[in-house]
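Visitor: Model the following, please.
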Amino acid sequence: MSKKNKEKTEQPVKEVTEEVIAEEIPAQETAPEAPKEPSETEKLQKQYDEEHDRYLRLAAEYDNFRKRSQKEREALYTDIKAETVGKLLPVYDDLARALENETTDESYKKGVELTMNNLKKIMTGLGVEEFGEAGEAFDPNAHNAVLHIEDEALGENVIAQVFQKGFRIGGKVIRFAVVKVAN
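Guide: Presented below is the predicted three-dimensional model:
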């Protein structure tokens, strides 16, 4: 080969650099990928999850409703019982006063005692508690103080005398005890 041919065939070798590669390889445009279509399984799983969540919420709501209704029924039962017992308390008071009075008729006194004992038994069966005894500590949440006396023999805020007994069912006061408080 002649010198001339050799020069034509030989081309200077370019250094391989990033610029050369960038010139020779056309830049690929990076188009944003199209949102991938969820598969049928993924769609069904999502639908199942939504329905399952809705079911759990409905079950929780029903459970709360059931518990609230139960509490309301129990409270209503206690309120009705307290109201009924409250209407019987004047009879209790009359029997207590009849027992306090002296009488010469023993059969009359025995009849009143039997009636009072039966009434107390029924009230105990209903869960009614009697409270308000002389010597107990005064509690403004359960007692109604109508008189106040100074008595060194009794302590601070002690019931000196009971005018009318108090009654409660559980923690609910049906009638406050009417008392005289010392000191």
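Visitor: Quick check: which helices or strands does whatever helix or strand residue 74 lives in pack against?
Guide: Element membership for residue 74 (DSSP states H and E) is helix 40-100. Contact partners of helix 40-100 among helices and strands, from 3 or more CB pairs under 8 Å, 6 or more residues apart in numbering; DSSP states H and E: helix 106-125, strand 166-169, strand 172-175. (Glycine included, C-beta is placed from N, CA and C.)
Visitor: Point out the most buried one among these.
Guide: Among those, the stretch with the highest mean neighbour count (mean count of other CB atoms under 10 Å) is strand 166-169, at a mean of 20.
Visitor: For it, give me every contacting residue.
Guide: Here strand 166-169 makes contact (CB atoms under 8 Å, 6 or more residues apart in numbering) with 78, 81-82, 85-86, 89, 123, 126-132, 142-143, 173-178.
Visitor: how does it look with 10 Å?
Guide: 78-79, 81-82, 85-86, 88-89, 92, 123, 126-133, 139, 142-144, 173-179 (CB atoms under 10 Å, 6 or more residues apart in numbering).
Visitor: Emit the ChimeraX select command for whichever of those are buried.
Guide: To isolate in ChimeraX the members of the contacts of strand 166-169 that are buried, counting by 16 or more other CB atoms under 10 Å, one can use:
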select :81,82,85,88,89,92,123,128,131,132,142,143,173,174,175,176,177,178,179
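Visitor: pLDDT of stretch 136-147, averaged?
Guide: For stretch 136-147, mean pLDDT rounds to 93.
Visitor: Keeping just the C-alphas, turn that stretch into PDB.
Guide: Extracted as PDB, the C-alpha positions of stretch 136-147 are listed here (Å, rounded to 0.1, in the frame of the first residue of the first chain):
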ATOM      1  CA  GLU A 136     -72.900   8.400 112.200                       C
ATOM      2  CA  ALA A 137     -70.700  11.000 110.500                       C
ATOM      3  CA  PHE A 138     -72.700  13.700 108.600                       C
ATOM      4  CA  ASP A 139     -72.400  13.400 104.800                       C
ATOM      5  CA  PRO A 140     -74.000  16.300 102.800                       C
ATOM      6  CA  ASN A 141     -74.400  13.900  99.900                       C
ATOM      7  CA  ALA A 142     -76.700  11.600 101.900                       C
ATOM      8  CA  HIS A 143     -78.000  13.700 104.800                       C
ATOM      9  CA  ASN A 144     -80.100  16.800 105.000                       C
ATOM     10  CA  ALA A 145     -79.200  18.800 108.100                       C
ATOM     11  CA  VAL A 146     -82.100  20.900 109.400                       C
ATOM     12  CA  LEU A 147     -80.800  21.700 112.800                       C
END
